[in-house]
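Asks: mind looking at a prediction? Sequence and model below.
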Amino acid sequence: MSINEKYEIPTILYEEPQPGAKPNPIPYIEVLENKTMPPVLFIFEYKHTGETEPDHNGEPAAIIDQIPHKYVDLEFLKERLPPQLNDTIRTLLGMKPLKEAQKEGQAILDKVNNNVEKLKEAKAKKEN
């Protein structure tokens, strides 16, 4: 896919929480078959200023600044940037360099997998 290709306008969704459960704060975007996730999202922040001005009826209306923001897919950047530049961007965003993050992530996965194996072994012993 070329960088100049147009992407469908995404709909940002949130999962419906189970009764009594906390809602998942991470939204998602459904991507249809043969479509691609956009590499950047443009989102307006509607910032309430605390000020008002008269509306078309002379009634006070809140003044709201519209501030555009751009959010870039780090996977998109990782595929296209040299590793050192990608790590610079990650660090600027408060993240760890990719190899360091992957190493720490693998250590967490290894610990989880080890715990799962222990639970399986304990369950097998209990069943015998």
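Replies: Yep, that arrived.

Asks: specify the local secondary structure of residue 66.
Replies: Residue 66 carries the three-state label strand when classified by DSSP: H, G, I helix; E, B strand; the rest coil.

Asks: count of neighbours near residue 87?
Replies: Using other C-beta atoms under 10 Å, residue 87 has 19 neighbouring residues. Quick note: C-beta positions are derived from backbone N, CA and C, even for glycine.

Asks: please report how far it lies from residue 108.
Replies: When distances are taken as C-beta to C-beta, to the nearest Å, residue 87 and residue 108 turn out to be 20 Å apart.

Asks: same check, this time on residue 34
Replies: From residue 34 over to residue 108 (counting by C-beta to C-beta), the distance is 34 Å.

Asks: and those two? which has more neighbours close in?
Replies: Each of residue 34 and residue 108 has its neighbours counted (other C-beta under 10 Å); residue 108 has more, 9 against 5.

Asks: per-residue pLDDT, that one?
Replies: Here, the pLDDT recorded for residue 108 equals 95.

Asks: which strands and helices lie in contact with the helix or strand harbouring it?
Replies: Under the criterion of DSSP states H and E, residue 108 resides in helix 98-127. Counting contacts by 3 or more C-beta pairs under 8 Å, 6 or more residues apart in numbering; DSSP states H and E, the secondary-structure elements packed against helix 98-127 are helix 83-92.

Asks: count the neighbours of residue 95 for me.
Replies: Residue 95: 13 neighbours (other C-beta under 10 Å).

Asks: pLDDT value on the nearest residue to it once chain neighbours are set aside, please?
Replies: With C-beta to C-beta, 6 or more residues apart in numbering as the criterion, residue 95 has its nearest non-adjacent residue at 6.6 Å, and that residue is residue 101. Looking at residue 101, its pLDDT is 95.

Asks: for residue 11, see how far away the spatially most central residue of the chain is.
Replies: With the centre of the chain defined as its mean C-alpha position, the nearest residue by C-alpha atoms, centre = their mean is residue 26, 6.4 Å away. Taking C-beta to C-beta as the measure, residue 26 and residue 11 are separated by 15 Å.

Asks: in stretch 71-88, what counts as buried?
Replies: Neighbour counts over stretch 71-88 (16 or more other C-beta atoms under 10 Å) mark 74, 86-87 as buried.
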